[in-house]
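**Student:** predicted coordinates and the sequence they were generated for:
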Amino acid sequence: MQHKLRRYFKLYMICLRTLFISETAYRLNFILGMIITFISNILFPLVTLLIYANGQSFPGWNFWQVLLIQSIFTLSTGISNTFFAGIFWETNANIKNGSFEVVLLKPLNPLFFIMATTFNFQGIAYIIGGLIMFGISASHCLLLTAGSILNFLLFGAGGILVMLGMELIMSATSFKWIGNSRIPEIFDSIKQFAKYPMTIFPSLARGITTFVLPAAAIAFMPAAALMGKTEPWFYTALIPCVIFAGIGFLLYFKMIKLYESAGG
């Protein structure tokens, strides 16, 4: 097992090196892409700033608390965009082109190969932007204890599982429904709820974004944990996070077995 893990790690690093060389072949384009991605994500909390600057607010939440939620949203999105957001587009493109057979012929797990070859360096700009926002907001509203840090990591992992599960489910549909490129837009629309405190939304919206498509775990629950606002139902919400990821993995590999070459 250790030998296999070392082999996969070595292959992953080789893929990253190859991608980095390819990305930086046009250095100015690479640098500008990183800067634009960084600035666009640093600026999105301006809407929240304008709301509070004009005397309005989200009930029960001050500006720094909302900024903390949005910083964790940016961090989670950055992790997703960097490591596995390319699964859907790469799977879909290979199926459309009839080249998924090439992926299956590799002496590697096909999902691992796709993840390794779609690493997105520009996603690192999301992570950097999120860390800066986190540092600024954290100094105003954090309640650091061993419990809050543990809960933050627990709920944060749940949010990552949700995004990975959704990526796999969307990718799995590509094997039978090739023209599904608008599905990510639906998920992104639901994910936008995670930018704000869940308590400001109607109960139906909270229920859907907590127990059906648990977007609340992407940012709200980890941020609430760091502020000492963990609620008992947060732990229950972790169950659909794990189920979501499990369904994603099972469905993706099930659809690989049903793959019938070009045309889905």
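**Tutor:** Yep, it's here.
**Student:** how is residue 127 assigned, secondary-structure-wise?
**Tutor:** helix (DSSP: H, G, I helix; E, B strand; the rest coil).
**Student:** can you report how many residues neighbour the nearest residue to it once chain neighbours are set aside?
**Tutor:** Nearest residue to residue 127 in three dimensions, chain neighbours excluded: residue 78, at 3.7 Å (Cβ to Cβ, 6 or more residues apart in numbering). Where C-beta positions appear, they are placed from N, C-alpha and C, glycine not excepted. Per other Cβ atoms under 10 Å, the neighbour tally for residue 78 reads 24.
**Student:** swap in residue 99?
**Tutor:** By other Cβ under 10 Å, neighbour count at residue 99 equals 12.
**Student:** report pLDDT for it.
**Tutor:** We have a pLDDT of 83 for residue 99.
**Student:** for it, grab phi and psi.
**Tutor:** With angles defined as degrees, to the nearest 10, residue 99 sits at phi -110, psi 10.
**Student:** list of residues touching stretch 156-164?
**Tutor:** 72, 76-77, 79-80, 84-85, 191, 194, 213-215, 217-219, 221-222, 237-238, 241-242, 244-245, 248 (Cβ atoms under 8 Å, 6 or more residues apart in numbering).
**Student:** hang on, the earlier thing: the residue nearest to residue 127 sits in which helix or strand?
**Tutor:** When elements are defined using DSSP states H and E, residue 78 is found to belong to helix 63-83.
**Student:** contact partners for the residue nearest the centre of the chain?
**Tutor:** Among the residues of the chain, the one closest to the centroid is residue 80, at 3.2 Å (Cα atoms, centre = their mean). By Cβ under 8 Å, 6+ apart, residue 80 lies in contact with 123, 160, 163, 164, 167.
**Student:** now residue 172: how far from residue 53?
**Tutor:** 44 Å (Cβ to Cβ, to the nearest Å).
**Student:** right, I'll call it a day here.
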